[in-house]
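[1] The following comprises the amino acid sequence and a computationally predicted model.
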Amino acid sequence: MRTIIILTVLALVSFTVNAQNKGLQGTWFATSQFGYQQSKSGDAKSTNFTILPIVGTFVKPSVAVGLALGYVNIKSEEDEAVNANTGLMVVEPLVRKYWNVTGGLFFFGQLAVPVVTGKEKESELKVSQAGLSASGGLDMVLGKHFTVEFSYNLANFSVTTLTPKTGNKTTVTDFSLAHVANVDAYYNTALAGSMPTLTSPLSFGFKFLF
């Protein structure tokens, strides 16, 4: 898994360095994606919140590379008591390809390499996850320097390691399409019923071009 991540990052760097100087090359963009999930049953509630700022640059007229640095919070509450509260940091190199649909509306495909680390605060459970993620989205141009985008994870491969304060660690290997998969029961209990991939599947963000 680490070899795949290293090779992907090197490929992105090489692609950036060797891209031809034309079109939108050199145009930078900045965006901040937000994702939110919630499940509720009686007095029990689980939430998954993601904020993911992204900075990138176009290396061809319709191809961009970037880097995301963000935060994920997974929380489980019941009868006003907190059962689990997980804070995670996300580092995610990515590459995007854009296709024009009509006018200022574009469809984009994205391949990313999310690396997630952090801790569940109630039990001091250490959490780490690395994987590959393919997503698709729509980007609507609203002005010369401003767009709005929506995206959804289409396919994910991830390896998650849960290391408790005492006892043996648990490793969960997952492949999911459209964010649907069966997950180890311990994983669900420790991370408050989170989906197999720790970041939210649906995201929304505003993008600035400069």
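    Yes, it's here. The model shown is predicted, which means the values in this text are computed figures rather than measured ones.
[2] All the helices of the protein, in order from the start?
    Along the chain, the segments classed as helices by DSSP state H run 2-18, 185-190.
[3] tell me, which of those is the model least confident about?
    Across the helices of the chain, helix 2-18 has the smallest mean pLDDT, namely a mean of 43.
[4] Which parts of the chain are strands?
    28-41, 44-60, 63-78, 81-102, 105-112, 115-120, 125-143, 146-163, 170-177, 202-209 (DSSP state E).
[5] Just send those back as TSV, with mean neighbour count and mean pLDDT too.
    Placement of C-beta: from N, CA and C, glycine included. Below are those laid out as TSV (neighbours: other Cβ atoms under 10 Å; pLDDT from 0 to 100):
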stretch	mean neighbour count	mean pLDDT
strand 28-41	16	83
strand 44-60	18	88
strand 63-78	19	91
strand 81-102	16	92
strand 105-112	17	95
strand 115-120	18	91
strand 125-143	18	91
strand 146-163	18	89
strand 170-177	15	83
strand 202-209	17	84
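[6] Would you check that G66 makes contact with G56?
    Yes: G66 lies in contact with G56 (Cβ atoms under 8 Å); the separation is 2.3 Å.
[7] Common neighbours of the two, please.
    F29, L94, R96 (Cβ atoms under 8 Å, 6 or more residues apart in numbering).
[8] From S32, how far out is E149?
    11 Å (Cβ to Cβ, to the nearest Å).
[9] shared neighbours of these two, which are they?
    G205, F206.
[10] Would you reformat the shared contacts of G66 and G56 as JSON lines and include distance to V141?
    As requested, the shared contacts of G66 and G56 are exported to JSON lines (distance: Cβ to Cβ, whole Å):
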{"residue": "F29", "distance to V141": "12"}
{"residue": "L94", "distance to V141": "20"}
{"residue": "R96", "distance to V141": "15"}
